[in-house]
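**Student:** here you go, sequence then predicted model.
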Amino acid sequence: MKKRVINFFTALLIANLVGCGNAQQPAGNPKTDTTTNQAVTKKADTITHKITPCLWVDKDAKAVVDYYLSIFKDGRMKEFRQYKNPPQGKEQGGQDNFETAIMEIGDIEFSILAAGPLFKFNEAVSFVINCKDQAEVDYYWNALTANGGEEGSCGWCKDKYGLSWQVVPVEYFDLINSDDPAVREKAMKNTFKQKKLILSELK
């Protein structure tokens, strides 16, 4: 049932986006209309990311974006749209309306789909934050675990939406991949004793 619902929402989203574009196009034959072709080309040119992770959330795509942009200061919201669900969508378990947003954090683009409480995040997928030092580790760890977030082990944590993150100082990789077996062993052994990674205890 869940697979049918997500497939439906995917098809519905595409149909709505295409439908909105067609509604703004001038009358004429879509195969030969020069204005239409130019509009499509311009839209395609704005797609700069080959792969965009899509995050399914319950509601309020704008609030989700605002939350992440309050943590990742180099981010921005690129797009926000609202859609009305047709009767067929609601019959499949959907809600009256759903929203989409696109945000960019650093050099990664995320798509937010706020379409009801049908799916939840789990630890099978997480995003790594490569931190330059312990201070940056502390900042992201504290920000992500506050207000409903949750500490995990070995550098993993969850934010208030349940999305998993790995907050890792880049020096950590030098330690666990060191040519010195004693350095590697100490770093790996102490990793399993920690929640937030503490560099001074791993060296």
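**Tutor:** The structure has been received and is ready for your questions.
**Student:** what pairs with the strand or helix carrying residue 99, and is each one parallel or antiparallel?
**Tutor:** Per DSSP states H and E, residue 99 falls inside strand 97-105. Strands that pair with strand 97-105, judged by DSSP bridges, come out as strand 76-84 (antiparallel), strand 108-114 (antiparallel).
**Student:** right, so of those strands, which gets closest to residue 57?
**Tutor:** Closest to residue 57 of the strands paired with strand 97-105, according to Cβ to Cβ: strand 108-114, at 5.1 Å. In short, each C-beta sits where N, CA and C put it, glycine included.
**Student:** could you point out which element follows the closest one?
**Tutor:** Using DSSP H and E, the next helix or strand after strand 108-114 towards the C-terminus is strand 126-131.
**Student:** list the contacts of whichever helix or strand comes after that next one.
**Tutor:** The first helix or strand that comes after strand 126-131 along the chain, using DSSP H and E, is helix 134-145. Contacts to helix 134-145, defined as Cβ atoms under 8 Å, 6 or more residues apart in numbering, come from residues 70-71, 129, 131, 151, 157-159, 165, 167-169, 196-200.
**Student:** below-threshold pLDDT in this structure: ranges please.
**Tutor:** 1-47, 87-95 (pLDDT under 70).
**Student:** domains in it, by residue range?
**Tutor:** By the assignment in automatic domain parsing, the chain contains the domains 2-114, 126-202.
**Student:** tabulate the ones you listed (JSON lines), appending mean neighbour count and distance to residue 120.
**Tutor:** Formatted as JSON lines, the domains of the chain follow (neighbours: other Cβ atoms under 10 Å; distance: least, Cβ to Cβ, whole Å):
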{"stretch": "domain 2-114", "mean neighbour count": "14", "distance to residue 120": "9"}
{"stretch": "domain 126-202", "mean neighbour count": "15", "distance to residue 120": "6"}
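**Student:** the strand holding residue 99 vs strand 126-131, what angle?
**Tutor:** Interaxial angle, strand 97-105 versus strand 126-131 (axes from the mean of the first three to the mean of the last three Cα atoms, to 10 degrees): 30 degrees.
**Student:** how about exporting strand 97-105 as CSV, limited to the C-alpha atoms?
**Tutor:** Coordinates of the C-alpha atoms in strand 97-105 are reproduced here as CSV (Å, rounded to 0.1, in the frame of the first residue of the first chain):
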residue,chain,number,x,y,z
ASN,A,97,-2.6,19.8,0.1
PHE,A,98,1.1,19.2,-0.1
GLU,A,99,4.1,21.4,-0.5
THR,A,100,7.6,21.2,-2.0
ALA,A,101,10.7,23.3,-1.4
ILE,A,102,14.2,23.2,-2.6
MET,A,103,17.1,24.3,-0.4
GLU,A,104,20.8,24.5,-1.0
ILE,A,105,23.3,23.9,1.8
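**Student:** that one: how far from the chain's middle?
**Tutor:** 10 Å (Cα atoms, centre = their mean, to the nearest Å).
**Student:** same thing with stretch 96-114?
**Tutor:** 7 Å.
**Student:** next one: stretch 194-203
**Tutor:** Distance, centroid of stretch 194-203 to centroid of chain: 27 Å (Cα atoms, centre = their mean).
**Student:** mind starting the numbering at 36 from now?
**Tutor:** Sure, I'll start numbering at 36, so the last one becomes stretch 229-238.
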